[in-house]
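Novice: Structure, please.
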Amino acid sequence: MKPVTPDAKLAAVVGSAPLPRTELTKKLWAYIKKNGLQDKKVRTQINADDALKAVFNGKNKVSMFEMTKLVSGHVS
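Specialist: Here you go, the predicted model:
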């Protein structure tokens, strides 16, 4: 896949180097799992910490599907 470049907000989570979307998704999930941000009861929900809140446009909680859409707005 063609590499995408994360903006400053997303780079705080996955790094600033250009990478394919598949790798970006892997790094994003690694961050979510490392920090225990997947909701314990509703597994399709992601609870945002300060870094992810910037990526999620200020939302405290988003679904996995909404997360994909929001992340797309932070790459070029």
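Novice: what's the offset of the helix or strand where L10 lies from the middle of its chain?
Specialist: Assigned by DSSP states H and E, L10 falls within helix 8-14. The chain centroid and the centroid of helix 8-14 are separated by 8 Å, computed with CA atoms, centre = their mean, to the nearest Å.
Novice: How about stretch 51-60?
Specialist: Here stretch 51-60 is found 9 Å from its chain centre; the criterion is CA atoms, centre = their mean.
Novice: what do you get for stretch 32-41?
Specialist: Here the centre of stretch 32-41 is set off from its chain's centre by 12 Å, with CA atoms, centre = their mean.
Novice: how long is that stretch end to end?
Specialist: 15 Å (CA to CA, to the nearest Å).
Novice: In that stretch, which residues are buried?
Specialist: Across stretch 32-41, burial judged by 16 or more other CB atoms under 10 Å covers 32, 37. C-betas here are computed from N, CA, C, even on glycine.
Novice: Mind giving me the packing neighbours of the helix holding L10?
Specialist: helix 21-34, helix 50-55 (3 or more CB pairs under 8 Å, 6 or more residues apart in numbering; DSSP states H and E).
Novice: For the residue nearest to the spatial centre of the chain, which non-adjacent residue is spatially closest?
Specialist: Centroid check for the chain by CA atoms, centre = their mean gives L28 as the closest residue, at 4.7 Å. The spatially closest residue to L28, leaving aside those adjacent along the chain, is V14, at 5.9 Å (CB to CB, 6 or more residues apart in numbering).
Novice: In this structure that neighbour contacts K26, no?
Specialist: No - contact criterion CB atoms under 8 Å: V14 and K26 do not qualify, at 9.1 Å.
Novice: Compare those two and say which one has the larger neighbour count.
Specialist: V14 (22 against 13; other CB atoms under 10 Å).
Novice: quick one: the more buried one from T5, how far?
Specialist: Going from V14 to T5 by CB to CB, to the nearest Å gives 11 Å.
Novice: wait, what's in contact with the residue nearest to L10 when sequence neighbours are not counted?
Specialist: In space, not counting the residues next to it along the chain, L10 is nearest to H74; the distance is 4.0 Å by CB to CB, 6+ apart. Counting by CB atoms under 8 Å, 6 or more residues apart in numbering, H74 touches 6-7, 9-10, 55.
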